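J.: model this:
(4 chains)
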4 protein chains.
Amino acid sequence: MERHEFQPTQYHNTIGSHEPVLHMSPGDTIVTTTVDAMGCDATGEQVATRGNPQTGPFFIDGAEPGDTLVLRLDRLTPNRPIGVTATVLAPNVVDPSFARHLPEHPEAEWRVDHERSEVALASPIAGLERLRLPLAPMLGCFGVAPARGEAISTATSAEHGGNMDYRGFRQGVTVYLPVFVPGALFHLGDGHALQGDGEIVGTGIEISFDVEVTVDLCKGERIGWPRGEDEEFIFTAGNARPLDQALQHATTEMVRWLETGWGLNTVAASTLLGQCVVYEVGNVFDPAYTMICKVPKRVLSQLAPPRPGR
Amino acid sequence: MERHEFQPTQYHNTIGSHEPVLHMSPGDTIVTTTVDAMGCDATGEQVATRGNPQTGPFFIDGAEPGDTLVLRLDRLTPNRPIGVTATVLAPNVVDPSFARHLPEHPEAEWRVDHERSEVALASPIAGLERLRLPLAPMLGCFGVAPARGEAISTATSAEHGGNMDYRGFRQGVTVYLPVFVPGALFHLGDGHALQGDGEIVGTGIEISFDVEVTVDLCKGERIGWPRGEDEEFIFTAGNARPLDQALQHATTEMVRWLETGWGLNTVAASTLLGQCVVYEVGNVFDPAYTMICKVPKRVLSQLAPPRPGR
Amino acid sequence: MERHEFQPTQYHNTIGSHEPVLHMSPGDTIVTTTVDAMGCDATGEQVATRGNPQTGPFFIDGAEPGDTLVLRLDRLTPNRPIGVTATVLAPNVVDPSFARHLPEHPEAEWRVDHERSEVALASPIAGLERLRLPLAPMLGCFGVAPARGEAISTATSAEHGGNMDYRGFRQGVTVYLPVFVPGALFHLGDGHALQGDGEIVGTGIEISFDVEVTVDLCKGERIGWPRGEDEEFIFTAGNARPLDQALQHATTEMVRWLETGWGLNTVAASTLLGQCVVYEVGNVFDPAYTMICKVPKRVLSQLAPPRPGR
Amino acid sequence: MERHEFQPTQYHNTIGSHEPVLHMSPGDTIVTTTVDAMGCDATGEQVATRGNPQTGPFFIDGAEPGDTLVLRLDRLTPNRPIGVTATVLAPNVVDPSFARHLPEHPEAEWRVDHERSEVALASPIAGLERLRLPLAPMLGCFGVAPARGEAISTATSAEHGGNMDYRGFRQGVTVYLPVFVPGALFHLGDGHALQGDGEIVGTGIEISFDVEVTVDLCKGERIGWPRGEDEEFIFTAGNARPLDQALQHATTEMVRWLETGWGLNTVAASTLLGQCVVYEVGNVFDPAYTMICKVPKRVLSQLAPPRPGR
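T.: Sure, this is the predicted structure:
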C-alpha cells in the first residue's frame, strides 16, 4: 500500500513497451502530474512534444498478459488556471454539405475557478459572455502497452485504452484494462477540465493535471476491452470506426461481463440489455471513435450476486 | 382548443399522404389509441398488419410545407397488462464474430404493473426472476407525410420522423416536425412500455397505448429534422446509417437551432456544443439509425434570451 | 413476343404502385423514351419534375410476388446532343477537412458525338480542352414497385432497384429484380451518356434516352436484391449506407446465387469468392450507396452446370 | 545501381523504426525472400511469429521525412508449391443475419503450378474439383516506418502502407510511399499467389515469395497516402474504416495528385474524376479497409504533360 510520488521529466507520444519510470505493487498509489495535450505543464511552459504526451509508464509488479489491471482514479485536479479549446466543430461531425461552410477561428482560453468549481471563457466569444460551466475533470488518454511490440500513437485508441476522450473517466471511477505485457506498463495524460460528449470540436478544455491513481490486479482475469464502474453504473468501452463498430465492441464486451460476472447466459444478458442498456458517446473525433455501454447497478443488484473477483 | 376522440378502424404500414381520418386545428387535442408493433390492440387481438401500424393520419388545418408541426405528448399509457420483447441481441449490434454464436430464442412476455409503475418478465428467463424495471412508456414510430408523394415504411425513419425508437419520446415531451404536405398528416403508433437505448434486441416492450396529443403550428418556421424538448434539454434527432451520419444530421440541426433560436454564430455554437453537448442513441436496429443531440436548458439560460417563436 | 411502343406524357418521382401505363407479356419488348434527371426531354424542354422522373410503370402480366422479373436492356441511346454534369466532387467523397475547401462551380455541358461514339466538354474547363471520352450509356434509376404500399423516392435505392447509378447497367446487360406486387410495375429513367464509378460529382452526363427493353419472368424464383449478367460476369447489387453494408448485401446475395444456381454449399461459395470475387462501386452519392459483387463466367464454367431456370 | 542479396534471419510483426538490416542507395535493387502470413518459409518450416512477419527494414540512404519512396516491384514469385487459404467468408462481409449461419471449416491447401501459371485446390471441396485459376502473385503487406515512434501492427494499414492486401500490388507495378523517418525503413512480406478483391475470407493464397524490388527517391515530394501506377492506370490507396472513409482518403489523394502532377484545379480534377474514376476494393477484412482510386493513363495523356518528377 505504498504511496509513490513521481515527477516526470520526459513524456511519450506513443503507448508502448517503453522503459518503465517506476515499479509499483498492487495496492500502491502513484501521485504524479500530467502535461496538457500540447505538452505544456502547470507553469504553461511546453516541456513535451504536442499530441497527448504521456507520463509513465509504470511497471506493476506481478502483472502478466491475461491479467486485468485495476486503476482507481483517486484524484484528477487541473493544476493551473488556464485551459484551451478549439472553437469550431470538427468537419466530420456535421453534414458534409455543412462542413463546406465551417469558418476558421483561433483557439479559446478558459479560466478555471477552483473555488466555485466552474469554468468560463477567458477569450471573448459573442453570445457566450455569461457562460459558466461546472468543472468536471477527466482523463482523455491513458492505457497499457499493447501486445507484440506495437507502439500506438496517443492520437488513437484500441483494446489497450489510449485516447478514448470519454468524459466518464473522472475522479472516483475505477477502470479495468487488459494486460498485454509483463508489468502492464501503464501510461497517462491528456487531462480535460471539462468536455462534452464526443469531443466534437476536437478538444476538451485542455489543461495540465495533478493526479493520484491506485493500482491493483485481477490475476488470471482476461478482459477484451476497457471496462469501468462508478457509483451508479458498470460500463465497457469499444474503440473503432465507424461508431457502429465501437458500439459492437462495447456491447459484446458487456455481454461477456454479464456472462462471466453475473452468470447470465446470452438470452438473459440480451433480454436485460434490450430494456436497460445506456450508451454514451466517448469521442467522435479521434482516428478510433469510442462508444460506452452502461448497465445500472440498481439493475444488477436484482440479479444473482456477482461472483467473487468482480 | 377542441378535444377530439378518435377510435381507429384501419391502420397504415407506411407514413404517407393517406386519406386523413380527422381534421384538427392548432391547439386541439386528439385522444386515441395505438396498436402494438404486431398490430394487436388492447384486447390482444390482431386488428392490423404487423410492422408498426399507424393510427391516423390527422390533418392539421392551416399546416403548409415549410411550417413546423408541434406535438405535445400529453399522455402515453399502455392499455393492456401484457407486452412482448425479443430476447436475443440483434446480430448487427455485436461483433460479427460474436454474431455467429447468437442463439435462437422465442419472444418473452412482460407484465405491466400500473400500480407500482413497473414491469417484470411473465416468461421465465433464468437469472432474471427478480427483475423489476420502472415503467417508462414511449412512442416508437410517429411522423408526418413526406414530400413528393413518398410513402415511407414504418420500419424506418427520415426527416419526417418515422420509426425512430427513441426512448426520450415519452409523456410530457414536446416534439417539432417539419411539414412537407398541406395538413401535415400526422401518424402515430408503436408504443413501448419500456426500451433501453438503441432498441438492441429489435423491440422495446411492445404494447398497445391510449394516447393524448395536443398539436400546434409554428407558421413559416422551417426545420430540417425532428426536434424536441423536455424539462431539462432541447434535442434534435438525426436518422441515417451509419450512426456517424445520424450524429452528423443531429449535430448540424442543433447548430442551426442555436443559430436561429439563440442568435449564436457558428463559432459560438461550436464552442458551446464542444463542452456541453450530450448524445443519446435512439435506435441501432432499424434500417435508419437514430442519434439524439441534446443541450441542457440550464446552459441555454445563460445565453441571450430566445427569440420569439422558439 | 410483342413489341410495344410507348410515348410517356407523365412521369413519377417515386417508384411505387402507380397506375400502369401499359400491360406487357413475358417476352414482350417495350420501346419508349426517358427524360433526364432534371425532367428534360429530347428537345431539352422540361416536361417533368426534376429528380430522376420515371417512365412507366409497365404491368407484366402474370408477375406475382415471389417471382423474378427479367429485363434485357436491348438499347440505351442518348437522344439529344447535349448532356449535363456537376463539376465539383460531392463533399461526402473527400476527406471532411478537404470538403471545407471545395469550390462552388456551375454545371458543365457535354456534347455527345454519336458518329465517333464519344463525348467532350461543351463548357470550357481549363486543362480539359482536349478531353474526349468514349460514350458509354447506362440507366441510372429503374426498378419495380416495392411491397406493402411503399412509394420510394427516385433519389434512392433498395431491394426493388431504384437509383443505383451503376455504370454496368448498360446496353446488352440482363437484369433480374425481385417482384413485390402483382404485375411487378416496372419503372425506368435517369439515363447517363457516361459516368465514372461512384457518381462522385453527383451526376453522370445526364441526358434523355431512347430505350428498348425486353421483359421476362422467372416464375417462383425469389431473389433478395437486384442481379445481372453481361458477357463476362454475373453480378449482384447491394444498396445501403455505409458502403460496407452495401457490400454485405451484395456478397450475401451472391452466396445465395452460387448456392441455388450452381449447387455450391457455403464453404465452396466462400472459397470461390475469396479468390475470384470482383467488386465495383455503383454510387457513393445517393442516400443509399450501391456496391456490386461480380463473379467471372469463365470461373463458373468450371463448376457443375447451372440448374435449369438460371 | 547495386544489386543487394539479403537472406533474412529474423522478422518483424510491426512496421516501425527497427534496426535496419541493410543500407541501399536510390536506384539499387534488393533481392530477398518473404515468409508467408503464418511465418513459414520456402521449405514450409515456421521461422517467424504468425501475423504477416516482415523482411527488413531496409535503410534507403538519403531518404528524409517529406520525401517520397519509389518501389518498383520487379519480381514477385511464390517459392514453394503449396499455399493456404481460409474457406469461410469473414462474418463482417455478409449480412449480420447471415453471419449467424456461417459454418466452421478448416483451411484449404492450394497447389501452385508454375508451368501453367495457375493454381488449383489441393484440399477437396465439393463442387470446386475442376477449378483452375490463373496465378496472380501480389504483396499483401509492405510499408515504411511511421512517424513519431509508432510501431504499427502488420495486421493493419495506414498512411505508411502496411497490410493493404490489394491484389494490384503485383509484379511490374511502381509504388510510391511517403517517407516519415530518415532512411524510410522499408519492410515487406505477406505474399499471396492469388487473391480476390477484398480478401473476404481473410486470406489470399498465403505463400512464401522470392522478391526483387528496386528503390528510388523523389526528394522533397510529399504525398499523403500510398500511390502507384501500372501500364494502364495511376492509383491511390486509402486505408481506414469504414470503406467510405477509405474511399474519401483515396479520392482526396487522387485530387491532390491531379493538382500537383497535372496542374488541374479542383473543378477540373472533379469533372475528370466524376466521369472517369475507377474504384477497386483492396481489402474489407483487416482492421483498416483499403480502397483504391484509379485514373486511366489514356485519359491523363489528353491533359497537359505531367510535371517533371511525376
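
J.: what residues does the stretch 1-150 of chain A have near chain D?
T.: Residues of the stretch 1-150 of chain A lying close to chain D by CB under 8 Å from any CB of the partner chain are A:12, A:13, A:14, A:16, A:49, A:51, A:148, A:149, A:150. C-beta: built from backbone N, CA, C; applies to glycine.

J.: quick one: contacts for the fourth one?
T.: When you say that, I think you mean residue A:16. Contact analysis of residue A:16 by CB atoms under 8 Å, 6 or more residues apart in numbering or on different chains lists A:145, A:146, A:149, A:150, A:151, A:152, A:185, D:149, D:151.

J.: give me the below-cutoff pLDDT ranges for chain A.
T.: A:304-310 (pLDDT under 70).

J.: and the closest residue to chain D within it, how many neighbours?
T.: Nearest residue of chain A to chain D: residue A:151, at 4.3 Å (CB to the nearest CB). Residue A:151 is flanked by 22 other residues according to other CB atoms under 10 Å in any protein chain shown.

J.: surely it meets residue D:150?
T.: Yes: counting by CB atoms under 8 Å, residue A:151 touches residue D:150, with 5.6 Å between them.

J.: list residues touching both of the two?
T.: With contacts defined as CB under 8 Å, 6+ apart, the residues shared by residue A:151 and residue D:150 are A:14, D:16.

J.: quick one: the helices in chain A?
T.: If DSSP state H is used as the criterion, the helices of chain A fall at A:96-99, A:243-262, A:266-276, A:297-300.

J.: what does the stretch 51-200 of chain A put close to chain C?
T.: For the stretch 51-200 of chain A, the residues found near chain C under the criterion CB under 8 Å from any CB are A:90, A:91, A:92, A:96, A:97, A:99, A:100, A:102.

J.: save those residues as CSV, and put in neighbour count too.
T.: Shown next, in CSV, are those (neighbours: other CB atoms under 10 Å in any protein chain shown):
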residue, neighbour count
A:90, 24
A:91, 21
A:92, 22
A:96, 21
A:97, 14
A:99, 25
A:100, 18
A:102, 20
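
J.: which pair in those spans the largest distance?
T.: A:90 and A:97 (15.5 Å; CB to CB).

J.: ok, now which ones touch residue A:238?
T.: Applying CB under 8 Å, 6+ apart, one finds that residue A:238 lies in contact with A:225, A:245-253, A:290-291, A:293.

J.: max pairwise distance over the residues you listed: which two?
T.: Using CB to CB, the pair of the contacts of residue A:238 lying farthest apart is A:252 and A:290, separated by 14.8 Å.

J.: follow-up on the earlier one: specify which member of the residues of the stretch 51-200 of chain A next to chain C is nearest to residue B:3.
T.: The nearest member of those to residue B:3, counting by CB to CB, is residue A:97 at 42.8 Å.

J.: how near is the nearest residue to the closest one once chain neighbours are set aside to residue C:102?
T.: Distances taken as CB to CB, 6 or more residues apart in numbering or on different chains place residue C:91 nearest to residue A:97, at 5.6 Å, with adjacent residues excluded. Distance check for residue C:91 against residue C:102: by CB to CB, to the nearest Å, it reads 6 Å.

J.: how about the closest residue to chain C within the stretch 101-250 of chain A, phi and psi?
T.: Nearest to chain C, among the residues of the stretch 101-250 of chain A, is residue A:102, at 5.7 Å (CB to the nearest CB). The phi/psi pair for residue A:102 (degrees, to the nearest 10) reads phi -70, psi 130.

J.: who's more crowded, residue A:252 and residue A:290?
T.: Higher neighbour count among residue A:252 and residue A:290: residue A:290, with 28 against 23, using other CB under 10 Å.

J.: so that one touches residue A:246, yeah?
T.: Yes: here residue A:290 reaches residue A:246: they are 5.9 Å apart, a contact under CB under 8 Å.

J.: returning to that earlier point: with adjacent residues omitted, what lies nearest to the residue of chain A closest to chain D?
T.: Nearest non-adjacent residue to residue A:151, counting by CB to CB, 6+ apart: residue A:16, 2.9 Å away.

J.: now do the contacts for the spatially closest residue to residue A:216 that is not a sequence neighbour.
T.: Using CB to CB, 6+ apart and skipping the chain neighbours, the partner closest in space to residue A:216 is residue A:70 (3.9 Å). Residues near residue A:70 by CB under 8 Å, 6+ apart: A:174, A:175, A:176, A:215, A:216, A:217, A:218.

J.: now do 10 Å
T.: The contact partners of residue A:70, by CB atoms under 10 Å, 6 or more residues apart in numbering or on different chains, come to A:26-27, A:60, A:174-177, A:214-218, A:221, A:227.

J.: now rank those by neighbours and give me the top one.
T.: Going by other CB under 10 Å, residue A:60 tops the contacts of residue A:70 with 29 neighbours.

J.: count of residues packed around the nearest residue to that residue once chain neighbours are set aside?
T.: Of all residues not flanking residue A:60 in the chain, residue A:184 sits nearest, at 4.6 Å (CB to CB, 6+ apart). Neighbourhood size, residue A:184 [other CB under 10 Å]: 31.

J.: ok, now how distant is residue A:184 from chain B?
T.: Here residue A:184 is placed at a distance of 24 Å from chain B (CB to the nearest CB, to the nearest Å).

J.: just residue A:145 next, same as before
T.: 24 Å.

J.: pretty sure that residue is touching residue A:180, no?
T.: Yes: between residue A:145 and residue A:180 a contact is recorded at 6.2 Å, counting by CB atoms under 10 Å.

J.: could you pull up the residues touching the residue of chain A closest to chain D?
T.: The contact partners of residue A:151, taken as CB under 10 Å, 6+ apart, are A:12-18, A:145, D:14, D:16-17, D:146, D:148-152.

J.: kindly recompute the last result at 7 Å.
T.: By CB atoms under 7 Å, 6 or more residues apart in numbering or on different chains, the residues touching residue A:151 are A:14, A:16, D:16, D:149, D:150, D:151.

J.: skipping adjacent residues, who's closest to the first one in space?
T.: In this structure, residue A:14 finds its nearest non-sequential neighbour in residue A:151, 4.0 Å apart by CB to CB, 6+ apart.

J.: quickly list what the one you found is bridged to.
T.: residue D:151 (DSSP bridges).

J.: what parts of the stretch 101-250 of chain A come near chain B?
T.: Applying CB under 7 Å from any CB of the partner chain, we find that the stretch 101-250 of chain A lies next to chain B at A:102-103, A:105, A:108, A:125-128, A:130-133, A:194-198, A:200-201, A:205, A:242-244, A:247-249.

J.: residue A:291 and chain C, how far apart?
T.: 16 Å.

J.: OK, contacts around the residue lying closest to that residue once chain neighbours are set aside?
T.: Of all residues not flanking residue A:291 in the chain, residue A:246 sits nearest, at 3.8 Å (CB to CB, 6+ apart). By CB under 7 Å, 6+ apart, the contact list for residue A:246 reads A:238, A:239, A:240, A:289, A:290, A:291.

J.: wait, doesn't residue A:292 sit right on residue A:239?
T.: No: taking contacts as CB atoms under 7 Å, residue A:292 lies outside contact range of residue A:239: 10.3 Å.
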